[in-house]
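> Build me a structure from this.
(3 chains)
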Amino acid sequence: MSANLQSHAAAESDAGVIKSRKKTNALSRWTKLLLKSKTGTVGFIIVLLVCLVAAFANFLAPHDPAAINPAKMLKPPSWLEGGEKAYLLGTDNLGRDILSRIIYGSRVSLLVGVASVILAGIIGIIVGLASGYYGGWLDSILMRIVDSFLSIPNILFALVFLAVFGPSVPTLIIVLGVTNWVAYARIVRGETLSIKEREFVRAARSIGVRNVKIISRHVLPNVISSFIVISTLSIATTIILEASLSFLGLGVQPPTVSWGGILSDGRDYLATSWWLATFPGVAITITVLGIIFLGDWLRDVLDPRSQSRS
Amino acid sequence: MKTGTAILDVDDLHTYFRTEHGVIPSVNGVSFEVREGETLAIVGESGSGKSVTSLSIMGLIDSPGKVEKGNILFEGKNLTTLGKKDYRKLRGNEIAMIFQEPLSSLNPLFTIGNQLSESIKLHQKVDKKTARVKSIEMLRHVGIPRAEKVFSSFPHVLSGGMRQRVMIAMALSCNPKLLIADEPTTALDVTIQAQILELMKKLAKENSTAILLITHDLGVVAEMADKVVVMYAGQVVEHTDVYTLFSNPKHPYTKGLLNSTPKFHETEEVLASITGTVPTPSKMPKGCKFNPRCPFATEVCTTQEPVLREVADGHKVRCWLYEEKEDAI
Amino acid sequence: MIKFLLKRVLEFIPVLLIISFIVFSLVFVAGNPVALMLPEDASQEDIERLTVALGLDQPFIVQYGKYMLDLVQGDFGKSFRYNTDALPLVLERLPATLELAAASMIIAIIIAIPLGVWSATRKNSSLDLLATGGAVIGKAMPNFWLGIMLILLFSVTLGWFPVSGRGTIAHLILPAITLGTGVAAEMTRLIRSSMVEILSQDYVRTAKSKGLRNFFVVYKHAFRNSLIPVVTITALQTSTLVGGALITETVFSWPGLGQLLIQAVNTRDMAIVQASVFTIAILVIFMNLLADVVYRILDPRIKYS
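Take a look at the predicted model:
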């Protein structure tokens, strides 16, 4: 009963929101919705900051991330004894500035994360739509392929792929795209199945509208909100996956700077220089946290039905 | 009509829900009493606060809801100040409850027997064997055929009517002094409805159990109740015995309810002859809460709230129409 | 039940076929491995001779057929690095990985069940905020970094646990916590949301109205119901758990399948890579089957059909 009452009250305020929507434009409406959620706001700010850092890395970084300086090897962070003001987060075993490396590292993380998720989304949407819309044997085969992918851990598949093609950023994007499409395919298929049976799609079909047209007109717009939600959360897991692969030495290769790579370098100096391995991990965690917060907020706003069951 | 001692005395009950959208006064100063062996019906649309009243008596109001004010006396004990442990001893034992949805009110993962003997074991402190015997006896008592088999079945194999019989068996297994039935037949088929009501009536009579019946269905009221409380927007608007209610209703809302005579099988709580719906807490009108829907509303109704006033012996009404008359006299 | 199991096992066949096809295609695309097998000073003639001897000059379909024939007999080929059959090498490393995975799962369960249940029953309390906040952070941390931080704190600084290797319980603790944290985070979120939903169900109210103690209401009536989605999704996470184990093993030099596999990937020892992929896939499929069985035991409404 109490839940009932609350939903009454919630419905009340929703109605209020809908009314005010008409009055204001889309931007301020979204801002309002965002500010309503504390974690959503925090997530948005983190993501925005990381994007800005990546975009303006060359202005923000105090040093050249690749500049080797034997005189400044393994300097601790500036606030510790022996630290230098010029090197806020200390230096690595080759005297490179950790802060600058982390700033530049954000580029690869975001690039690989976003690009591979776009690729995964394209594959997933095509497979999901085809599977859900046409059904039949095509559906059976595609769903068996989905099952197969689900029984191989993402990272394992990525390792096999990298073993074959060798590590590089483009390979990494393709690998992670190909490993991640399954989640999209399942959701898109599910939504397509349910939309397919609705009146308007049946009606369109009955008057002989072509399948491709039905799909692009009616099905795609309806899956877009789940698509955005999965994509956001997918970027988070992909960033971790990329960092893991780079940490294993099978992802982004030097001289390109990546967070996983810095961490991997730092591991050998754990006993003496803790900052090498610590700060890149903090950067990954905060970034991923921001994306998760933003994704959770988007899920609540775009699709109130779905719970946290990704 | 029996005139036993009052078993339940609800006095000026206020139950509020403090949500992030503000305070919702679901029950706002409700008083009534239920005597031994008597059936009192609380009638109202959804949102009138009738279910919250029953859950307040059971002590099952969850956060953010709270009984803010008023007393609930059960056999002289004040339930609003009762400790958790003592309340548990009462619940399912001396006060039992039947809910609206027999389909979802039984746990799908446990057998009927498990759920039925649970409260018998708990309150009567008997061993498993005795509880089993008593449970099967109870199942027979509520007219379930092949009781042994049903005992070891899972809820999903039973029909809605059978499940409601199980719920009744469960509620009555410890011979409660008060049975609260919240829309016990709303979710059932018409033919089954009559059977279930008949069963409740019979069993209550046998044990002289008092019943607090929550319903929106005046057919059920006519069938079961001795006394009736009509609730609107968290308040009692009319309180009388069942004969007076049908022969001489006072409050315009009650009259509206009677005129709308919802079809027996209708589960939706729509009232054809009263326009509009129960106001939501955030848009509660000033003055009499019924005034926007009332065909007799005058200026005083929109500014000042009427009080519940006794207009005849045992007949209370909350309406300005009768205040004025009295003033004239 | 047996019929159901049989049906499910039969469903594995196409899945394994597809995996074999994908893996084989990848290896085929990878090109001729002969050069890697022979010493560096081998002549072109030697390479060609071995290529023909291994049948690697045959067309794709023929090679795939041969490969499948071997596969059915459990033959994944020879590891050129160890110069023995790949499968026994992989199976030899499996117990260590299973030990790590099991220990992590136990840690995850010990953390997640009380935390998830508590935060659901005390929704929006400070404990709930702490638990849900902790769960999100646990999910956001890369587990290899957590492992390194644990080594830094407990091994390097405090000296409580060994840095790496396998043998005693002390060796197991840090890797198990590393791997278990991510799983615990996801599980806590799941149990919480599942419990929140279940606690508002009518039958929970019925249980309360019987006068049952809160403990029984929560753990008997609500918790078992909330486990149904948790079991399903946790089983689907086996794949993530095994994936995490591969990395955790590298961080702690845990002598399991992951370490072997990553060495094999680095040296392009494809026989071991393939054998590992199949072993892990079968493991994951088996876990999903197990979850299905548990699910059916938990929920009497489901018939074996």
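> for chain B, which spans come out with low pLDDT?
By pLDDT under 70, the low-scoring segments of chain B are B:1-4, B:261-275, B:281, B:324-329.
> repeat that for 80
B:1-5, B:19-22, B:46-47, B:62-64, B:102, B:186-190, B:259-284, B:322-329 (pLDDT under 80).
> buried ones in the longest helix belonging to it?
Longest helix in chain B by number of residues, with DSSP state H as the criterion: helix B:190-207. Neighbour-count burial for helix B:190-207, with 16 or more other C-beta atoms under 10 Å in any protein chain shown as criterion, is recorded at B:I192, B:Q193, B:A194, B:Q195, B:I196, B:L197, B:L199, B:M200, B:L203, B:A204. No exception for glycine: its C-beta is placed from N, CA and C like everyone else's.
> The fourth one is in contact with B:M162, isn't it?
The one in question is B:Q195. No. Look at B:Q195 against B:M162 with C-beta atoms under 8 Å: they stay out of range, at 10.8 Å.
> circling back: a markdown table for the buried residues of helix B:190-207, including distance to A:G128?
Shown next, in a markdown table, are the buried residues of helix B:190-207 (distance: C-beta to C-beta, whole Å):
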| residue | distance to A:G128 |
| --- | --- |
| B:I192 | 45 |
| B:Q193 | 46 |
| B:A194 | 51 |
| B:Q195 | 50 |
| B:I196 | 48 |
| B:L197 | 52 |
| B:L199 | 52 |
| B:M200 | 52 |
| B:L203 | 56 |
| B:A204 | 57 |
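> Need the max-distance pair from these.
B:I192 and B:A204 (18.3 Å; C-beta to C-beta).
> what about the closest residue to B:L79 other than its chain neighbours, neighbour count?
Take B:L79 and drop its neighbours on the chain: the residue closest to it by C-beta to C-beta, 6 or more residues apart in numbering or on different chains is B:I72, 4.2 Å away. Neighbourhood size, B:I72 [other C-beta atoms under 10 Å in any protein chain shown]: 21.
> Could you pull up phi and psi at C:D299?
phi -110, psi 100 (degrees, to the nearest 10).
> If you could redo that for B:V30, that was the one I meant.
Geometry field for B:V30 lists phi and psi as phi -100, psi 130, criterion degrees, to the nearest 10.
> beta partners of it?
B:L13 (DSSP bridges).
> Now stretch B:65-83: buried residues?
Applying 16+ other C-beta under 10 Å to stretch B:65-83 flags B:G65, B:V67, B:E68, B:G70, B:I72, B:L73, B:F74, B:E75, B:L79, B:T80, B:L82 as buried.
> of all of the stretch 151-300 of chain B, which residue lies closest to chain C?
B:F154 (4.5 Å; C-beta to the nearest C-beta).
> Neighbours of residue 281, how many?
Since you didn't name a chain, this refers to chain A. 23.
> hm, I was asking about chain C
By other C-beta under 10 Å, 24 other residues sit near C:A281.
> for it, what are its contacts?
Contact analysis of C:A281 by C-beta atoms under 8 Å, 6 or more residues apart in numbering or on different chains lists A:S148, A:S151, A:I152, C:V15, C:L16, C:I19.
> Of the residues you listed, just say which sits nearest to B:K177.
Among the contacts of C:A281, and counting by C-beta to C-beta, the member closest to B:K177 is A:S151, at 59.5 Å.
> isn't that closest one right up against C:I19?
Yes. In this structure, A:S151 is within contact of C:I19 by C-beta under 8 Å, at 7.2 Å.
> A:D147 belongs to a helix, doesn't it?
Yes. A:D147 forms part of a helix when assessed by DSSP: H, G, I helix; E, B strand; the rest coil.
> in chain A, which spans are helices?
Counting by DSSP H, the helices of chain A are A:2-23, A:26-36, A:38-55, A:57-60, A:98-134, A:136-150, A:154-165, A:169-196, A:199-206, A:211-214, A:220-247, A:259-267, A:275-302.
> is any part of the fifth one close to chain C?
Meaning helix A:98-134. No. Figure legend: helix A:98-134 not in contact with chain C (C-beta under 8 Å from any C-beta of the partner chain); closest approach 11.1 Å.
> mind listing the strands for the stretch 51-200 of chain C?
Ranges of strands in the stretch 51-200 of chain C, per DSSP state E, counting those that start in this stretch, are C:78-79, C:84-85.
> Deepest-packed of those strands, please.
strand C:78-79 (a mean of 20; mean count of other C-beta atoms under 10 Å in any protein chain shown).
> That one - contacts with which helices or strands?
strand C:84-85, helix C:86-121, helix C:270-298 (3 or more C-beta pairs under 8 Å, 6 or more residues apart in numbering or on different chains; DSSP states H and E).
> Out of the ones you listed, the one nearest B:I214 is which?
helix C:86-121 (27.1 Å).
> which helices and strands does the closest one pack with?
strand C:78-79, helix C:126-140, helix C:169-199, helix C:238-252, helix C:257-267, helix C:270-298.
> Determine which of the ones you listed approaches C:P95 most closely.
helix C:257-267 (9.4 Å).
> Buried residues, the closest one. List them.
Quick answer for helix C:257-267 (16+ other C-beta under 10 Å): C:L257, C:G258, C:Q259, C:L260, C:L261, C:I262, C:A264, C:V265.
> The last one contacts A:L162, correct?
Yes. C:V265 lies in contact with A:L162 (C-beta under 8 Å); the separation is 6.6 Å.
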